[in-house]
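>>> Would you be able to build a 3D model of this:
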Amino acid sequence: MNFFRCPSVLIQLPVIALVGLLTGLLIFPFNEAGLLQTLNIFIIPTFLGASLLPLLGGYQEEINFRQSSLMAVVSLGAVTLLTALYLYSSVNHKVLLITVYAVPVSFRYLIIRSTFLSHVIKALPYAMLQSVVALPFIHHYYGITVFDLVLFFLVALLGLTSVTALIAVVNIPFLRDFGISTMDMMRISFQVLKGKEVGEEQLEEVFKRTSIKGDVGYTVFSFRCDKGPKAIFIVPSLHPGPVKGIAGSRLTEIMAEQLEDDFGITFTFHGPSTHVQNPIKEEDCTLLSADIRERMGDMKYTPMSTHFITSYHNMIGGAQILGDGILFTASFSPQPTEDIDAPIGEIITMNAYRNGFHKLGFVDAHNCVQKGAMEIYYPSRRYKSILENSSELMNDIKGLPKDELHMGIGVRKGFKKSQGISGEGIKVAVLESNGVKNALILIDGNNMVAGLREAIQEEISDLVHVSEVMTTDSHEVNTLTLDYNPVGLNMDHDEIIDAVREVTEAALQNMEPVEVGVSVGELKNFSLMGPIGSNRLNAVAETIYRMAPMIIGMSFVIQALATTLIILLM
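Got it, this is the predicted structure:
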């Protein structure tokens, strides 16, 4: 019931009246008496069921009138369908009505248990409400006997039994692998979709059970001018996922909240990492900012740097010596790719050591994607392209002259996460050395649609000599049901391009000499989601997308067949 925002009551109430009227026309005459009977047997019970359910209370998760109305509309739709199926059988109207009203009990039971109240027994009266409310109206016209009540509860029991059995079957692997029932997982997932902190905390606990401990490396470039701190570049091997409100998804925003006031505009780039490197809890992200803060006092600053250079061998590599460190960027655009695996980052770091660079910031540009794009793992051909390009760049950059570094910063925030851009918005750092201006454009989103990177570069080509467009891989733009929302998918490209140009122009307006210091650190014994936890995330989405419809569909088929058999035997 929380996959989307339920339609307004003003829409649902006329739908209830219309569906109820159509159902009545199937079995009652089209006259005043027939319309009154339709009103009493189909429309009023549905209105009552929708109205009373939110008033009962006692839920683990509050139900509102929009949700109860939608559940009532779907239940009435099932009544309509079954009425049409059984209309031409030999069964009389009273048995027909009792039967078709008993069937939707199982549907409501599943929804209530998975979303609002997971207790097996306590959920029963809530699920029965709409159907039971209809019985007095049926009794008014036809007179209900004890036999009829037995039939009603027998049909309802068939549905409840089939749903319960299917839930139990699905629960076996879920309880074994995750230590939590399917219904509890669905309820937690729905709470997360609604932005409930309790759901987010419970889901983090689920991930914690299979978490691993690891050492997380990071590189920091700190820039300062005569007036004080100018900017800070953070390149962590920590993945900003898995979904909005959970674990590390707010990593970029947390880094800015914790560091920006003291160290300047904060750029949190996407280092080599996959969902395996997701933090377990959001609060763990502050361990990174705290460790960075401790290292800032030991920075050794210098104004000398090279300009930015690029290399093209089956990918686009970029490099720039900044102080006594080197920044390396990797992009495969226009070929769609996903995350670069963390071990590749370790290999490139060791390669940098061999080339005399002991402080490497390896940025996965993460700037071209389409559905089905794959991560980059060792020993794939793409890994070899990264190794070859990084080696060439490191060799070439050694011979470049160094010059005093100038920097300008531009920032624009205020975008909607549904547009694919999270809270840190668009940030541009323009760096100039040896007379060459390069723009590092960082968009706080999760990858980018194909072609947008190149369109942005073309737009600002008259402002800077070279540029790279990158995303932070922030998963704040993703939910359990919206796992694909790259920059440019849900926002007009011209609006993004114009915004980047505006921010780049702003950066050029505050160009000034800067010094840069570089530090490399490592978070020891850090709790990460790990490979099992990342698979568990897929299982959560699988629960939402497939298990619920499967259980509803199979229980409906089983109940309909069993009910048909009962009717035929009467």
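
>>> Endpoints of stretch 461-469, how far apart?
Taking CA to CA, to the nearest Å, stretch 461-469 runs 12 Å from one end to the other.

>>> ah, wrong one, I meant stretch 138-154
The first and final residues of stretch 138-154 sit 17 Å from each other (CA to CA).

>>> list the buried ones in it?
Buried residues in stretch 138-154, defined by neighbour count with 16 or more other CB atoms under 10 Å: 138, 142, 144, 148, 151-152. From N, CA and C alone the C-beta is placed, and that goes for glycine too.

>>> Angles on the backbone of the nearest residue to residue 388 once chain neighbours are set aside, please.
In space, residue 388 comes closest to residue 313 once its chain neighbours are excluded; the distance is 5.5 Å by CB to CB, 6 or more residues apart in numbering. With angles defined as degrees, to the nearest 10, residue 313 sits at phi -140, psi 90.

>>> got it, and residue 110?
According to degrees, to the nearest 10, residue 110 has phi -60, psi -50.

>>> one step back: give me the number of residues near the residue nearest to residue 388?
Neighbour count for residue 313, taken as other CB atoms under 10 Å: 13.

>>> how about a markdown table for the buried residues of stretch 138-154, with pLDDT and distance to residue 419 added?
Output for the buried residues of stretch 138-154, formatted as a markdown table (pLDDT from 0 to 100; distance: CB to CB, whole Å):
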| residue | pLDDT | distance to residue 419 |
| --- | --- | --- |
| 138 | 92 | 51 |
| 142 | 92 | 56 |
| 144 | 92 | 55 |
| 148 | 88 | 56 |
| 151 | 88 | 54 |
| 152 | 90 | 50 |
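
>>> which among those gets closest to residue 374?
Residue 374 has its nearest neighbour among the buried residues of stretch 138-154 in residue 152, at 53.8 Å by CB to CB.

>>> Determine the three-state secondary structure at the closest one.
Taken by DSSP: H, G, I helix; E, B strand; the rest coil, the conformation at residue 152 corresponds to helix.

>>> Next, the contact list for it, please.
With contact taken as CB atoms under 8 Å, 6 or more residues apart in numbering, residue 152 is in contact with 98-99, 101-102, 131, 135.

>>> 10 Å instead?
95, 97-99, 101-102, 105, 128, 131-132, 134-135, 138, 144 (CB atoms under 10 Å, 6 or more residues apart in numbering).

>>> ok, back up a step: hmm, residue 332 and the residue nearest to residue 388 touching each other?
No: with contact defined as CB atoms under 10 Å, residue 313 does not count as touching residue 332 (11.3 Å).

>>> overlap in contacts of those two?
In contact with both residue 313 and residue 332: 385-386, using CB under 10 Å, 6+ apart.

>>> follow-up on the earlier one: may I ask which two of the contacts of residue 152 are separated the most?
By the measure CB to CB, 95 and 128 form the most distant pair in the contacts of residue 152, at 18.9 Å.

>>> Quick one: find the helix or strand in this protein with the lowest mean pLDDT.
helix 530-542 (a mean of 61; mean pLDDT, DSSP states H and E).

>>> circling back to that earlier point, who touches the residue nearest to residue 388 in this structure?
384-386, 388-389, 391-392.

>>> Same check on residue 320?
Neighbouring residues of residue 320 by CB under 10 Å, 6+ apart: 221, 305-310, 326-329, 361, 393, 397, 400, 405, 431, 433, 436, 438, 440, 466.

>>> Kindly confirm my reading that it is in a strand.
Yes: secondary structure of residue 320 (three-state DSSP): part of a strand.

>>> doesn't residue 237 make contact with residue 520?
No: with contacts counted by CB under 10 Å, residue 520 stays clear of residue 237, the gap being 11.2 Å.

>>> Of those two, which one has the most company?
residue 237 (24 against 16).
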